[in-house]
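Enquirer: any chance you could fold what I've pasted below:
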Amino acid sequence: MDIRPLTPAYAVSPQIEPSDLPAIKAAGYTTIIDNRPDGEIPPHLHAGAMKAAAEALGLRFVANPVVGGAMTMDNVAAQAAAIDVASGPILAYCASGNRSSVVWALANAGRLPADDLINLPARFGYQLEHLRAQIQSLAAAKG
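Expert: Got it, this is the predicted structure:
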């Protein structure tokens, strides 16, 4: 498990295992967001299995599968909704943490400065500069 905190309230990680969930809870995370489609992973890591394991520990679990290279605005809206209702820190995961970083940045367009949305993930090697125009456009649309 490799938790990478983008902010105190939102961290990303490569794929986690059910056995990681007690440590995630002990670290203070209250919500888990799965950004990895089931088709990419073995059955024991599918959203249903992860949800059952997370909820058994009292963690909130949200499945928002993001297909690599095919993220939709529905993904962005679902991530924003999950962030908005979280009762504490969030851990979002995918294969590497990149998709969880990208969907976070787009969900927070207009909430945080574009420079932060690009530079915070960059500390962990996630390069989001190519999204600057999209972040700015989404921020302007939110007004």
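Enquirer: for the longest helix belonging to the chain, which positions count as buried?
Expert: Looking across the chain with DSSP state H, the single longest helix is helix 73-85. For helix 73-85, the buried set under the neighbour-count rule, 16 or more other CB atoms under 10 Å, comprises 75-76, 78-80, 82-83. From N, CA and C alone the C-beta is placed, and that goes for glycine too.
Enquirer: mind giving me the packing neighbours of it?
Expert: Where contact means 3 or more CB pairs under 8 Å, 6 or more residues apart in numbering; DSSP states H and E, helix 73-85 is packed against strand 31-34, strand 90-93, helix 98-107.
Enquirer: if we look at that helix, which residues are touching it?
Expert: With CB atoms under 8 Å, 6 or more residues apart in numbering as the test, helix 73-85 has contacts from 10, 31, 33, 35, 62, 64-66, 90, 92, 103-104, 106-108, 138.
Enquirer: and stretch 15-33, by the same measure?
Expert: Counting by CB under 8 Å, 6+ apart, 1, 3, 11, 36, 41, 44-45, 49-50, 53-54, 57-62, 64, 79, 82, 86-95, 100 sit against stretch 15-33.
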